[in-house]
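J.: Below are the sequence and a predicted model; questions follow.
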Amino acid sequence: MSEGYEVAILGATGAVGTRLIQQLEESTIPVSKVRLLASSRSAGKTLKFKGQSVTVEEAKPESFEGVDIVLASAGGSVSKKLLPEAVKRGAVCVDNTSAFRMDPDVPLVVPEVNEKALYKHHGIIANPNCSTIQMMVALEPIRKAFGLKQIIVSTYQAASGAGQSALNELYSEAKDYLDGKEMSADIFPTKGDKEHYPLAFNLLPQIDVLEDNLYSHEEWKMIHETKKIMLDDMNSPEIKVTATCVRVPVPISHGESIYIEVEKKDEASVEKIRQLIENAPGAVLQDDPDHQIYPQPINATGKRDTFVGRIRPDLENKGAFNMWVVSDNLLKGAAWNTVQIAERLVADGLVEVK
């Protein structure tokens, strides 16, 4: 075998899987061989990796023999079934599902925020929820400089966050609406719930199922993932976090309106926060009110960065600030963050070539 890592992409034919292939192609990871794995329905298809045709294989436990790194985005049930099998065979897995995120023995990582957590891995590293990732990139430099007491976030989440079939449904609904036809809804707000509503020309204040505590599971994830990533404790009272998550008729890239209260009230200012964002890894400041420059989903799509703007003081509360954050949910929110974690595993010597 030539020098380099054997990498398997689990869920290679999905919306995130195809982007995992692209991000791996462009990464710093030396790849000797790539294995593209998917369900039996997709087995036999061919996809390109660095110009070479690769045949998609059905994902089975034995598919991971000889594999060094697994990048997974095939759904939680598939990850729970197959990733332990990959670990048994000596692979290190980066999982882009919710299967292991809240497992106390599994690091939940945004490289710009808590790369050191990778050193505690036992074969599986979890990629956080897309909406959590971009918020962490924007807020971590502020937390480091001034501390954080409270986060209140309202999300404006793109249709593609629910997968390719959901994105197709949005397009189909929009066409039907413009053609004067009745819209048909089978997926939104979430496929597993009882009722379904059109997303085109609409807003849906439900992402994932609604819990008994009246929060959606997406809101629950944002609250507890934030605490785990920043404080290494999903239930920490140190930072108060609350979220309202809304699905919007945008194809790709999530927007977030974020309110924060800092601990060092007398030290923080808009200008200092702008400077922190400007110097933060993975973040791009787009904040020029005089020229109407601020982040927009249509401009963020296809980019790895997290864009931050509309930074302003809260006029009613000293030491509180508001901002607007946008990022491509399929790249930084999924494929790029996953590959970025793998890059750091390689750079830090935390995964070996067999």
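T.: Nice, I can see it. All values derive from a computational prediction rather than experimental measurement.

J.: in the protein, which spans are helices?
T.: 15-25, 76-88, 111-114, 130-146, 164-178, 217-231, 270-279, 297-300, 336-347 (DSSP state H).

J.: Go through these and name the closest to residue 209.
T.: Nearest of the helices of the chain to residue 209, taken as Cβ to Cβ: helix 217-231 at 5.2 Å. (C-beta placed from N, C-alpha, C; glycine too.)

J.: Can you give the contact residues for that closest one?
T.: 98, 101-102, 108-110, 113-114, 128-129, 131-132, 135-136, 139-140, 143, 148, 151, 153, 155, 157, 207-211, 213, 215, 233-236, 238-239, 241-245 (Cβ atoms under 8 Å, 6 or more residues apart in numbering).

J.: repeat for stretch 292-301
T.: With contacts defined as Cβ under 8 Å, 6+ apart, stretch 292-301 is touched by 158, 250-255, 286-288, 307-310, 324-328.

J.: Could you list which of these belong to strands?
T.: Taking DSSP state E as the definition of strands, the contacts of stretch 292-301 contribute 254-255, 307-310, 324-327.

J.: Name the member of those residues with the most neighbours.
T.: Comparing these by number of neighbours (other Cβ atoms under 10 Å), residue 327 comes first, having 34 neighbours.

J.: Nearest spatial neighbour of it, chain-adjacent residues omitted?
T.: With Cβ to Cβ, 6 or more residues apart in numbering as the criterion, residue 327 has its nearest non-adjacent residue at 3.7 Å, and that residue is residue 134.

J.: Give me the number of neighbouring residues for that neighbour.
T.: Using other Cβ under 10 Å as the criterion, the residues surrounding residue 134 number 34.

J.: just residue 235 next, same as before
T.: 9.

J.: contacting residues around it?
T.: Taking Cβ under 8 Å, 6+ apart, we find residue 235 in contact with 224, 227.

J.: pLDDT wise, what is the closest residue in space to residue 323 that isn't next to it in sequence at?
T.: Leaving aside its chain neighbours, residue 323 sits nearest to residue 311 (4.7 Å; criterion: Cβ to Cβ, 6+ apart). Here the pLDDT value assigned to residue 311 is 98.

J.: thinking residue 311 is in contact with residue 271, fair?
T.: No - contact criterion Cβ atoms under 8 Å: residue 311 and residue 271 do not qualify, at 9.2 Å.

J.: mind checking how far the residue nearest to residue 327 is from residue 330?
T.: Using Cβ to Cβ, to the nearest Å, residue 134 is found at 12 Å from residue 330.

J.: And for residue 58?
T.: Distance, residue 58 to residue 330, by Cβ to Cβ: 24 Å.

J.: same question, residue 352
T.: Counting by Cβ to Cβ - residue 352 and residue 330 are separated by 30 Å.

J.: Looking at residue 58 and residue 330 now, which is surrounded by more residues?
T.: The neighbour comparison of residue 58 against residue 330 (other Cβ under 10 Å) goes to residue 330, with 27 against 13.

J.: Quick one: residues contacting residue 90.
T.: 67-68, 354.

J.: Let me see the contact set for residue 332.
T.: The contact partners of residue 332, by Cβ under 8 Å, 6+ apart, come to 130, 133-134, 137, 282, 304-306.

J.: next one: residue 151
T.: Contact analysis of residue 151 by Cβ under 8 Å, 6+ apart lists 135, 139, 226, 239-242, 258-260.

J.: If any of the contacts of residue 90 are buried, put those into a ChimeraX selection.
T.: Filtering the contacts of residue 90 down to the buried ones (16 or more other Cβ atoms under 10 Å) takes a single ChimeraX command:
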select :67,68
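
J.: Return the member of the contacts of residue 90 nearest to residue 186.
T.: residue 67 (35.7 Å).

J.: Give me the distance between that closest one and residue 182.
T.: To residue 182, residue 67 is 48 Å away according to Cβ to Cβ.

J.: could I get the contacts of residue 90 as a markdown table with pLDDT and distance to residue 46?
T.: Shown next, in a markdown table, are those (pLDDT from 0 to 100; distance: Cβ to Cβ, whole Å):
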| residue | pLDDT | distance to residue 46 |
| --- | --- | --- |
| 67 | 98 | 20 |
| 68 | 98 | 23 |
| 354 | 87 | 26 |
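
J.: how far away is the closest residue in space to residue 140 that isn't next to it in sequence from residue 101?
T.: Sequence neighbours aside, residue 113 is the residue nearest to residue 140 in space, at 4.5 Å (criterion: Cβ to Cβ, 6+ apart). From residue 113 over to residue 101 the distance is 15 Å, taken as Cβ to Cβ.

J.: if we can go back for a sec, doesn't residue 324 make contact with the residue nearest to residue 327?
T.: No - Residue 134 is beyond contact range of residue 324, at 11.1 Å (criterion: Cβ under 8 Å).

J.: Report the set of residues contacting both of those two.
T.: Common neighbours of residue 134 and residue 324 (criterion: Cβ under 8 Å, 6+ apart): residue 256.

J.: domain ranges for this structure?
T.: According to automatic domain parsing, the chain comprises the domains 5-128+334-347, 132-329.

J.: Tell me which residues touch residue 127, please.
T.: Residues in contact with residue 127 (Cβ under 8 Å, 6+ apart) are 94-96, 109, 133, 334, 337-338, 341.

J.: same thing but 7 Å
T.: With contacts defined as Cβ atoms under 7 Å, 6 or more residues apart in numbering, residue 127 is in contact with 94-96, 334, 337-338, 341.

J.: so what's the residue nearest to residue 294 when sequence neighbours are not counted up against?
T.: Of all residues not flanking residue 294 in the chain, residue 309 sits nearest, at 3.8 Å (Cβ to Cβ, 6+ apart). By Cβ under 7 Å, 6+ apart, the contact set of residue 309 is 286-287, 293-295, 324.
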